[in-house]
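Q: structure for the following, please:
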Amino acid sequence: EEKLNLDDSQWEDIHVVTGALKMFFRELPEPLFPYCFFEQFVEAIKIQDNATRIKSIRDLVKKLPRPNYDTMKILFEHLQKIAAKESVNLMSTQSLGIVFGPTLLRPEKETGNMAVHMLYQNQIVELMLSEYSKIFG
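A: Here you go, the predicted model:
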């Protein structure tokens, strides 16, 4: 609800903007990928056959609540544009997965599997970026 002056010079630093975006998603009462979907997405990313894995992720994305789906589609479209300029900004789909995976997708209760979960969180975001058109098209 705070009024922001986007002409303020603080917003010229991309790290400030990215930090604000990540903080917004991190502070949501529930992640963009709702808690009840966490294990399903993890199971889908474990599928060995790439076509089946993409289809499973696409099917899960389509089951998301409409506001989550719409936000996710816009966010991933934007992140895909960032990844397309990797040669300039050094942000590959893998880097974006590392940065955004744990923010967008996390279990409701942390267990001893944090390192394993983080790997899957990163892979899910990376796959969704690299296969954006198949998942959201």
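
Q: C-alpha from now on. contacts and neighbour counts both.
A: Will do.

Q: what's the helix ranked longest in the chain packed up against?
A: Secondary structure of the chain read by DSSP state H shows that its longest helix is helix 66-84. The helices and strands touching helix 66-84, judged by 3 or more C-alpha pairs under 8 Å, 6 or more residues apart in numbering; DSSP states H and E, are helix 93-104, helix 114-130, helix 132-136.

Q: and of those, who's closest to Glu86?
A: Nearest to Glu86 among the helices and strands packed on helix 66-84 is helix 93-104 (8.5 Å), distances taken as C-alpha to C-alpha.

Q: before we move on, the earlier item: could I get the helices and strands packed on helix 66-84 as JSON lines with mean pLDDT?
A: Formatted as JSON lines, these follow (pLDDT from 0 to 100):
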{"stretch": "helix 93-104", "mean pLDDT": "95"}
{"stretch": "helix 114-130", "mean pLDDT": "92"}
{"stretch": "helix 132-136", "mean pLDDT": "97"}
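
Q: how about a markdown table for the ones you listed, with distance to Lys55 added?
A: Formatted as a markdown table, these follow (distance: least, C-alpha to C-alpha, whole Å):
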| stretch | distance to Lys55 |
| --- | --- |
| helix 93-104 | 19 |
| helix 114-130 | 11 |
| helix 132-136 | 7 |
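
Q: okay if I get those as CSV plus mean neighbour count and distance to Pro65?
A: Conversion of the helices and strands packed on helix 66-84 to CSV gives the following (neighbours: other C-alpha atoms under 10 Å; distance: least, C-alpha to C-alpha, whole Å):
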stretch, mean neighbour count, distance to Pro65
helix 93-104, 20, 15
helix 114-130, 20, 17
helix 132-136, 16, 14
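
Q: now for Lys3, how many residues are close by?
A: 5 (other C-alpha atoms under 10 Å).

Q: let me know the secondary structure of it.
A: coil (DSSP: H, G, I helix; E, B strand; the rest coil).
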